[in-house]
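Chemist: missing the sequence, but the structure's below:
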């Protein structure tokens, strides 16, 4: 689960995580639509825009993804 306030950093974190943990499901809280389009080819399985509601949804999705 990647939730940081920097639209450029998640791409790098995704690449590192995929390299070290190729079986891991990656969830990313994105900044905007352009950010989403950038992360699709990176193989991010779940992404949600950065809002208060999305924080709650991301928190709920995390445990559901690993259960």
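Modeler: Right, received. Where do you want to start? Values in this document were obtained by computation on a predicted structure and should not be read as measured data.
Chemist: From now on I want contacts and neighbour counts done on CA atoms only, so please keep to that.
Modeler: Fine.
Chemist: Strands of the protein, start to end?
Modeler: Applying DSSP state E to the chain gives strands spanning 27-30, 46-49.
Chemist: mean pLDDT lowest for which of the ones you listed?
Modeler: Between these, the lowest average pLDDT goes to strand 46-49, which shows a mean of 74.
Chemist: Can you tell me the strand partners of that one and which way each runs?
Modeler: Taking DSSP bridges as the criterion, strand 46-49 forms sheet pairs with strand 27-30 (parallel).
Chemist: Which residues does the strand it pairs with contact?
Modeler: Applying Cα atoms under 8 Å, 6 or more residues apart in numbering, the set of residues contacting strand 27-30 from outside is 1-4, 7, 10, 36, 44-50, 54-55, 58, 62.
Chemist: Would you check that residue 39 makes contact with residue 9?
Modeler: No - taking contacts as Cα atoms under 8 Å, residue 39 lies outside contact range of residue 9: 11.2 Å.
Chemist: Pick out whichever of those two has more residues nearby.
Modeler: Legend: neighbour count by other Cα atoms under 10 Å for residue 39 and residue 9, higher for residue 39 (19 against 11).
Chemist: and the closest residue in space to the more buried one that isn't next to it in sequence, how many neighbours does it have?
Modeler: Spatial nearest neighbour of residue 39, excluding adjacent residues (Cα to Cα, 6 or more residues apart in numbering): residue 11 at 6.6 Å. Residues within reach of residue 11, counting by other Cα under 10 Å, total 17.
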